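Participant: Got a predicted structure plus its sequence, pasted below:
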Amino acid sequence: MKIGRIEQLLNERVEKRYPTYLPLIDPQKFDMNKLTFIKKFIDITNSPLILIGGSTGISESLMDKTIKIIKNEIKIPIVIFPSGVYSISQEADAIFFISLLNSENPYYIIEAQMLASPIIKKYNIETIPVGYLILGEGGVAGHIGWAKKIPYKYAELISYYALAAELLGMRFVYLEAGSGTEEPIPEKVIKKVREIVSIPIIAGGGIKDIENANRLLKAGADIIVMGNVLENSYEKLLKEIAHEDKL
Ligand code: 1GP
């Protein structure tokens, strides 16, 4: 299968070891007033794209509406981070085509994807295959997705799930701690996964400052997703980013 334009963009950055911070916008919590800050965040961090998605309150019409508003204001690609079939919007440029590999419910491993596939084909959206693992406390996404709990102390076991994703042909692995969680993915888990996989590692969930993000990048993550912090304590975050030499 041909690798699409947006995936190539991500791959180029990964190859150059260029740190990638992706802003995640939750349509349910979206507020026009936050766009100025999100724009600044994108400028300063040189984010290549915006992720859009949320665990609850999502419909295709809400996705369409929110993406249209963002596209009018910010001219970078918009990539869906889906929570279900209802997350697919023809307004988006690409979709993280995720399979929740540690779900106890086959719906989240392959059934939702099966239902989504004809819609994605019809809308002609670029798909980026991502093995998704919800770890630790897991947050709302973990609850909804029937994620089988894997404590962080089983870092080796986690790394085998990630390796299985790679061997199955998935081109990214996403280590998710759950949106807004108190305990983001620990560095030791990222390190263990980095030791064993060669595909890019995406990390997200509960990352509240750039220091934390950079520790995870240093441990071996390639892409950091930040959602909640952009909705809440953004002024402090902006200052931290502005002082970050690496960017
Ligand atoms: C959630 O990984 C993302 O799916 C981002 O989490 O909202 O806590 O940044 P936060």
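Facilitator: Ah, there it is. These figures come from a predicted structure and were not determined experimentally. Numbering: from 1, shown residues only.
Participant: Up against the ligand, what does the chain have?
Facilitator: Selection of the chain residues close to the ligand by CB under 6 Å from any ligand atom yields 24, 141, 176, 179-180, 204-207, 225-229. All C-beta atoms are positioned from the backbone trio N, CA, C, and that covers glycine.
Participant: Among these, which ones are in helices?
Facilitator: 141, 228-229 (DSSP state H).
Participant: From the rest of the structure, what touches the longest strand along the chain?
Facilitator: Determined from DSSP state E, the single longest strand within the chain is strand 126-134. By CB atoms under 8 Å, 6 or more residues apart in numbering, the list of residues contacting strand 126-134 from outside reads 4-7, 10, 79, 93-102, 120, 141-142, 145, 147, 150, 158, 161-162, 164-166, 168-178, 202.
Participant: are any of those buried, and which?
Facilitator: 6-7, 10, 79, 93-102, 120, 141-142, 145, 147, 150, 158, 161-162, 165-166, 170-178, 202 (16 or more other CB atoms under 10 Å).
Participant: Who are the contact partners of the closest residue to the ligand within the chain?
Facilitator: Here the residue of the chain nearest the ligand is residue 204; by CB to the nearest ligand atom that distance is 2.4 Å. Residues in contact with residue 204 (CB under 8 Å, 6+ apart) are 24, 174-177, 179, 185, 224-227.
Participant: Could you report the pLDDT at residue 233?
Facilitator: Model confidence at residue 233, given as pLDDT, is 62.
Participant: before we move on, what about the one 10 residues further on?
Facilitator: Reported pLDDT at residue 243 in the predicted model: 61.
Participant: can you give me the strands for the chain?
Facilitator: Per DSSP E, the chain carries strands over the ranges 20-25, 50-52, 78-80, 94-100, 126-134, 172-176, 201-204, 223-226.
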